[in-house]
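J.: below is the sequence, then the predicted model.
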Amino acid sequence: MQRSKQQPKSLWQRMWEPKDVQSIAPAKKVLTYIVLIAWTFVVLFPLYWLFITSFKLPIHVSDGPFYIPFIDFQPSLHAWEYIFVDLGSDTLRPYMNSVIIAFISTALAVFIGSMSAYALTRIEYKPKVGSIMGFIAILGLVVYLTVSIKMAWQLSLSIGGALFLMFIFAFNKHFKRSLNNNDILFWIISQRIMPPVVSVLPIYIMFQQSGLLDTHFALIVTYMAVNLPIAVWLMRDFFARIPVDLEESAMLDGASRMRVFLTIFMPLAKPGLAATTMLILILSWNEYLLALFLSTADAQTMPLMVAAQNATRGPQWWYMSVLIVVMIIPVLIAAAFMGRLISKGQLGGAVKG
Amino acid sequence: MSIELKGVRKRYGSVEVVKGVDITVEDGQFLVLLGPSGCGKTTLLRMMAGLETVTEGKVYITDEDVTDVLPKYRDIAMVFQSYALYPHMTVAENIGYPLLLRKTEESAKQKAIVEAAEKVHLEPYLDRYPRQLSGGQRQRVALARAMVRRPRLFLMDEPLSNLDAKLRGHMRAELKHLQKKLGVTTVYVTHDQIEAMTLADKVAVIHNGVIQQLDTPRNIYNDPANLFVAGFVGSPQMNMIRGVIQNGRFSSVAADVHCQTMQDHSDAVMGVRPEDLTIITDTQSSQIGTIKARIYSLELTGDETIVTCSIEDKVEQAQIVVRMPPDYEEQIDAPVEIAITSERIFFFDDEQGSRLRDNSEQALVNDTAMSAMS
Amino acid sequence: MLAADKEVQRTRAPKRKVDFRQWLDQEAPKLLILPTVLIILGLAIYPLLLSAYLALSRFKLVRGGFELKYVGFRNFEKLISGSQQYHFVGTLGEILLWEWAIISVVISGFGYWLWRYFSGASKKKVTIIGSIGRLITVAVFSVLTILAFTVLNDTGRPGSLMVTLFYVFAGVSIQFAIALGLALLCAQNIRGKNFFRMAFFIPIMVTPVGIAYAFRMMMDMSQGPFSPVWHLLGLGDFAWAGDAWLARWVVLIGDSWQWIPFLFMVLLAAIENQPKEQIEAAQLDGASSWRVFKDITFPAIAPVAATAVLIRLIEAFKIIDLPNILTNGGPGIATESMTLHSFIAWRTQDLGGSAAVGYSLLFIAVVVCVSFFNFIGQRTAAKGA
Amino acid sequence: MKLAKMMKPGTLKKLSVALATTTALGVCATQAAAKQYDGVTVNVMTFTGPQIAEPLQRHAPKFQEMTGAKVNIITVPFSDLYTKLLTDFVTNTNSVDAAVFAPQWMVDYADPGYLENLSSRIAKDSALEADDISGFFRSFSTQYQGQPYMITLDGDFHMVYYRSDVLKAAGLEPPKTWDEYLAVAKAVNGQDMNGDGKADYGSCISKKRNAQAYWSIMSIAGGYLQGKGTSQGAFFDTKDMKPLVNNEAFAAALNIYKDTSKYAPADEINLDVGDTRSLFISGRCALTLDWGDIGTLAIDPKSSKVIDKVGAIALPGSKSVLNRETGKLEACTATSCPHAVGGVNRAPYAAFGGWSGGINASGDVKVKNAAYDFFSYVSQPAQSNADVTKGITGFNPYRKSQFNSIDNWVKAGMSEEAAKNYLGAIKDSLNSPNMMLDLRIPKNQNYQQVVLDTAIARFLAGEIDVNQTMQSIEEGWNELNEDLGKDDQLKLYKATLGQK
């Protein structure tokens, strides 16, 4: 076969073609850096602006824009003072609430979610369509009884429970169709699609009835519930990649399922756990709508504090900035800590379809 | 097309993995780079492909300096250890991908795909996805993909190592057949010396980034250049016994061997292949030399029995392996006497690993090397 | 050795007497999944049913409490054809001839897809669930297509439904494109990779409420940090907040700023997870970097990308903080998403209306997400496995 | 520290002798009850400050010292306060014992019986000096169906503020009609009003959706809609509950409202009342429409650049008024506008009605008493007279004594002239026989914050024209009337206007 000798490269070619495989073409490299640095600016500039705004006096904001402290404007600690000295415990309380609620609910969601994820990867479930339909019908009946007939919820719930048990034993045999693990999984994840506005009032009433409104417990349970689907979904993919031999050998050695899960699966899925934890932590740390309704004073969280800085006197940018800046810190620390556990590529593996 | 490496070196930071290699592969030749893992053989191959930069030295393909040429311009096909098949493409699409990139006309492309598939017996599987194929079939897809565009050069990076033993033997034959039929220059990397011996026109044994010996398989086996080559090539391994050469005799704790032409050497290693040994009864004797040993284990392979014996060495307990007829039987721990049956004994320097030769032998080696080249 | 094994057996034997433990182990399959099922039933299904009831009733305060009056589908009628039509569906405009042409092309496309399924041309088994699912998908997407043309032309105006779909589809595609681009750049062998990776991840950690306020500052044309730029461009006295589409884009920019990091991290990880040899093989075959991306990298990361996009889709439907704080849904109702619509109705005790909007959102989100999951997610997963 | 400053004897000395004695009495009265409230905790909810919440938080420790009752101030964002309270009441959660909220919302809370009727307590409470509270607040704003449910803590009135220096320099008079308002805005628009070299604006009115912008349109429309005195009402025809929003008068108001945008910042449509306030006090606007807050904010040296450059007037009016029979706008006559001055019919709008405290009816008697005493304490002249002069409190004057004691204001940093002008504008509004009352019928939030606000927002955004806007409001209001029972609503509407 006839092949021409290599042509001398033009300048254009040399710019767009790498010298060798290990390097990047000069023009491409320049472009890459331009884009990456530009995006770094896009990402960091709003944060920088928040940061310096927290040191600005109102007059600096309304006369603005001022960019560089000490040169453009004389920074002042007034906003930090207001938030941490004047408000003092009024800032600290929501802050601690946020920390407690976000971290505990995340830990619970990840643990319970992992448990179910493990079960869904290793155990085959066959829930009967009939019993599910029956259950939903009975739940509907309970709702109807409570809301429409104004029956006490305890009573209607027990009626529903009794009916369901009767139903299970009496009719379940007649339903042949059953669902599989994928159906269960999709059912779980579909719960995440529901906008919180739809469910917040019933949840409010539930906690109000049980006297748990405005407690850490209420928020922890609710956050755990809304984030559970994500935990199940992500963890399932991690577990699916752990070889079956491992647990089989452990089970032959006499370990119980729970033990296998705790001592084999959890440690092996550490990177996945870290990635999932991070995502859920971020979601619960920043949640606003549910917190708004389920907390009044004692359990108020930080996003409410931030939102509240928009008063009738106009948004208090300086106070707000302080709060936003201090709100990022715990998540950053958590991210740095988790980051060490998340080895390269684990998050990608986590969401493998 | 020939490929030539001149003084090629590769450094990663301060670690040098290829330390000045010169190789020439003639047109149509099948060269195998043989060496243990980590010896730099894959790096060498990747430098030929252009997938690694060359720190120092030059790479020529048919006299054209391609040292700084990107892989895509080198017109090389490579088969990877993992096959690197595209999982989202069917077998046909995988094979046809190089042609797609060359914008080959559709009908010609289809023809070429079918032809390539025929050569590796894959016609029934053209519509399947790689995950639906067995290991051997995947391997053949990778081969077909490499062949389909008739490259100047085939590079293969341990292509058979993921296959089971039986399939490996089969594929080896196929590979050799195809390479000869197509006549494409091929460089093949492996750590398996049987593959090297069976496939190669020439073998380059590499260790620590340096070519230890570049020769025909026959010469590599019959005339290893040094202790490393001698030990690496051959299965079961060559037996090594440490001792002293003195007055035309090699003596060790358990061994006593004649070697009239050798000069005296105080730290010598004697190498002898298992097939050149036999266990003798008290009544027999050896012209060349004997070794005293005890039976350690017996392994019947079918056509022969591999006998492992333990001996006293100069330094430590050692083992030597003897090939015996399949009907040979003996108790474990029984003391035996092993006779050397052939003149094919090699001596090395224990420290340097270099071959110890006498003058006449030296001349002989040169002669055979010359004849092999021509 | 054998004796020792027996020892082990013997020491283990008494364990069997601990019935509770054994029962626990036997029932482990159920116990493992029970907490999740109970929590979801209690905090998702039960509220959902209660809300369903709300959506069908009118909430009214009366002396000594409140009253829920069953009104059937009146709340939905109000949204779709009644007094809230402009708000939810949008102001319907006239569809021009050429628009009809596009609509009919799109719908016949859906029709062809259905036909392929039912005629067996797509080589898929025809099942009842599959048929119903496809019929619903086609119906919903056809209606949405017609609606898009009706409300997005000069004579019509989009309501919260179409605005939400704009945020979802435009938002997710833009975010995906940018995240993919950044991930590809970051996956290269460049210095400072780790710095970029870390920096790009930060926005997702900022609370959405905070992001919304930060972007209000950013987008302030007169006192914001970029005001000199706007002045220079002669736009100093220009207001994005007064223009419906600009305001929507500003909301989208804020949303993208927050969510690109998520997609970026996932895609970057997927790219780096990809076997290097596949790329090298393609390079040897003479593929340009674009071809490598198009033919090798993208198909390889597609399953991961599909799942990430699905997660993103789910969250995108719930967008509320940004439009709420940036514009309060204004100008007019231009930036109002369905969740915000629902929230505003909720805030003024129109609980029925609020639940009705929420349910409509749930329905559309489920159809879109399930369609995506089944018809795109599955396909990429099947090919990429 | 702040408390000490506030209680400085100097402040008290300046007060009239009569006031001083009654204050002392009030403190004594509450002190006598000290033992009674030991161990009582009162949770008071309001929106996140510093406005409103700040004075409450500041007074709470002192109150505890005197009475033993611990007062917790719980704050939630303004936009969520209404729902938060309602949900708390409706679900019987009762985590809130008392709240400071907009009196307009009282209708929805008082009607189902969630709020405590305060009439007997007020009657017994001499320290509150209820008579000193301006009649509007005392007998309209805090009452529902003739019964008081709240205690006024803040006086709120929509007024027009102008930059006295800018208008003077341009040789312009403060506007008396809305047409003049536009003319003034046009004349000064584009001038540099704060010396930063940038062009400033003729008018800034908060027009952001889902905020407090819906009050503004009614402030403008008032003068066109209501001519025959307060009891005529400006929202519905008292004959048949027909909304007064689809006629020439409302169209005129809409046009004025939209035209003000021509002389306003480009993003006015996205400014809420906080934004326009900070624009005005940083000297960037010549005119604005706002509550009493600007008066005190403008004298705050920390943020204001317009100290002593601000004037206030009661809302401008119109020279023609709506004929409700024909829906046409007709020139003012003695019969159609009996209260017109110089041919101009003004209808000062008592928008919002001032933040007031209400008490949860289902609480413990002791808690309710303590909550009442706390509100009373904050409202007593000794506390409130100083509070209303400070911008940060968000409290605006509502007591007769506050309007009369100029000294107090001068002390706070206003020039005497400015104080007279500011207080005069409020007094003018309060005393106007044609004052326009707020909508106080059930679900008024839906009428105003949902239907009216949305339609106005769409109108400003150019989504719909004047006629469509009016139609949409009319339809929305009619729909609500139908839903809630037109006759019931009419009855309640007439009751709030004092009609039988």
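T.: Perfect, I can see it now. Residues are numbered from 1 along each chain as shown, chains lettered A, B, ... in the order given.

J.: the stretch 101-250 of chain C: strands as residue ranges?
T.: Taking DSSP state E, counting those that start in this stretch as the criterion, the stretch 101-250 of chain C carries its strands at C:157-158.

J.: what does it put close to chain D?
T.: Counting by CB under 8 Å from any CB of the partner chain, the stretch 101-250 of chain C comes close to chain D at C:Arg157, C:Met221, C:Ser222, C:Asp237, C:Phe238, C:Ala239, C:Trp240, C:Ala241, C:Gly242, C:Ala244, C:Ala247. For the C-beta atoms, the positions are set from N, CA and C on the backbone; glycine is no exception.

J.: which residue sits closest to the second one, ignoring its sequence neighbours?
T.: It refers to C:Met221. C:Trp230 (5.0 Å; CB to CB, 6 or more residues apart in numbering or on different chains).

J.: measure the one you found to C:Asp243 for me?
T.: 14 Å (CB to CB, to the nearest Å).

J.: show me where the chain has its strands.
T.: Here I'm looking at chain A. A:310-311, A:314-315 (DSSP state E).

J.: my bad, chain D
T.: Using DSSP E, strands in chain D cover D:41-47, D:70-76, D:98-101, D:143-144, D:147-148, D:150-152, D:159-163, D:201-204, D:285-290, D:310-314, D:320-323, D:328-331, D:356-359.

J.: out of those strands, which gets nearest to chain B?
T.: Chain B lies closest to strand D:70-76 among the strands of chain D, at 53.1 Å (CB to the nearest CB).

J.: lowest average confidence across the strands of chain A, which one?
T.: Across the strands of chain A, strand A:310-311 has the smallest mean pLDDT, namely a mean of 66.

J.: pLDDT score for the nearest residue to D:Phe280 once chain neighbours are set aside?
T.: Nearest residue to D:Phe280, sequence neighbours excluded (CB to CB, 6+ apart): D:Thr288, at 4.7 Å. Looking at D:Thr288, its pLDDT stands at 94.

J.: got it, and C:Phe264?
T.: 92.

J.: wait, doesn't it sit right on C:Phe201?
T.: Yes: the pair C:Phe264 / C:Phe201 is scored as a contact, 7.4 Å apart, by CB atoms under 8 Å.

J.: those two - which one has more neighbours?
T.: Taking neighbours as other CB atoms under 10 Å in any protein chain shown, C:Phe264 and C:Phe201 compare with C:Phe264 leading, 27 against 20.

J.: SS state for that one?
T.: Applying DSSP: H, G, I helix; E, B strand; the rest coil to C:Phe264 yields a three-state assignment of helix.

J.: contacting residues for it?
T.: Contacts for C:Phe264 (CB atoms under 8 Å, 6 or more residues apart in numbering or on different chains) come out as C:Ala179, C:Leu182, C:Ala183, C:Cys186, C:Phe200, C:Phe201.

J.: low-confidence regions, the chain specifically.
T.: Chain wasn't specified; assuming chain A. Residue ranges of chain A with pLDDT under 70: A:1-9, A:64, A:148, A:150-151, A:153, A:167-178, A:311-314, A:341-353.

J.: look at chain C instead
T.: In chain C (pLDDT under 70), the answer is C:1-18, C:63-65, C:236-237, C:377-385.

J.: quick one, domains of it?
T.: C:2-55, C:74-92+C:156-384 (automatic domain parsing).

J.: deepest in the core, which of those is it.
T.: domain C:74-92+C:156-384 (a mean of 21; mean count of other CB atoms under 10 Å in any protein chain shown).

J.: off-centre distance for it?
T.: 8 Å (CA atoms, centre = their mean, to the nearest Å).

J.: need the residues of chain A near chain D, please.
T.: A:57-59, A:62-63, A:201, A:204-205, A:208, A:213-214, A:292-293, A:296-297, A:304, A:307-315.

J.: for chain D, what is the nearest residue in the stretch 151-300 of chain A?
T.: A:Ala297 (4.1 Å).

J.: could you find the closest non-adjacent residue to A:Leu108?
T.: A:Met224 (4.7 Å).

J.: what about that neighbour, how many neighbours?
T.: Neighbour number of A:Met224 under other CB under 10 Å is 26.

J.: same check on B:Asp164?
T.: 10.

J.: and it, how close does it get to chain A?
T.: B:Asp164 sits 19 Å away from chain A, going by CB to the nearest CB, to the nearest Å.

J.: residues touching the residue nearest to that residue when sequence neighbours are not counted, list them.
T.: Excluding its sequence neighbours, the residue lying closest to B:Asp164 (CB to CB, 6+ apart) is B:Gly135, at 7.5 Å. Neighbouring residues of B:Gly135 by CB under 8 Å, 6+ apart: B:Asn162, B:Leu163, B:Asp164, B:Leu167.

J.: which of the residues you listed sits closest to C:Ser288?
T.: B:Asn162 (29.8 Å; CB to CB).

J.: tell me where the stretch 201-350 of chain B has helices.
T.: All helices of the stretch 201-350 of chain B, identified by DSSP state H, counting those that start in this stretch, fall at B:217-222, B:227-232.

J.: also the stretch 101-250 of chain A?
T.: Assigned helices in the stretch 101-250 of chain A, in chain order: A:129-147, A:153-171, A:181-193, A:196-209, A:216-240, A:244-252 (criterion: DSSP H, counting those that start in this stretch).

J.: return the most buried member of the ones you listed.
T.: Among the helices of the stretch 101-250 of chain A, highest average neighbours (mean count of other CB under 10 Å) belong to helix A:216-240, with a mean of 24.

J.: what angle do helix A:244-252 and it make with each other?
T.: For helix A:216-240 against helix A:244-252, the angle between stretch directions is 110 degrees (axes from the mean of the first three to the mean of the last three CA atoms, to 10 degrees).

J.: and the stretch 101-250 of chain D, which of its residues are near chain A?
T.: D:Asp196, D:Gln212.

J.: shaky segments in the stretch 101-250 of chain D?
T.: Answering for the stretch 101-250 of chain D: no residues sit below the bar, that is pLDDT under 70.

J.: if we go to 80?
T.: D:196-197, D:211 (pLDDT under 80).

J.: relative to D:Ser164, how far out is the closest residue to chain A within it?
T.: Closest contact between the stretch 101-250 of chain D and chain A, by CB to the nearest CB, is at D:Asp196 (7.0 Å). Using CB to CB, we find D:Asp196 at a distance of 19 Å from D:Ser164.

J.: which one's more surrounded, the two?
T.: The residue with more neighbours, out of D:Asp196 and D:Ser164, is D:Ser164; 18 against 13, by other CB under 10 Å.

J.: on that earlier part again, and the contacts of B:Gly135, which of them are in helices?
T.: B:Leu167 (DSSP state H).
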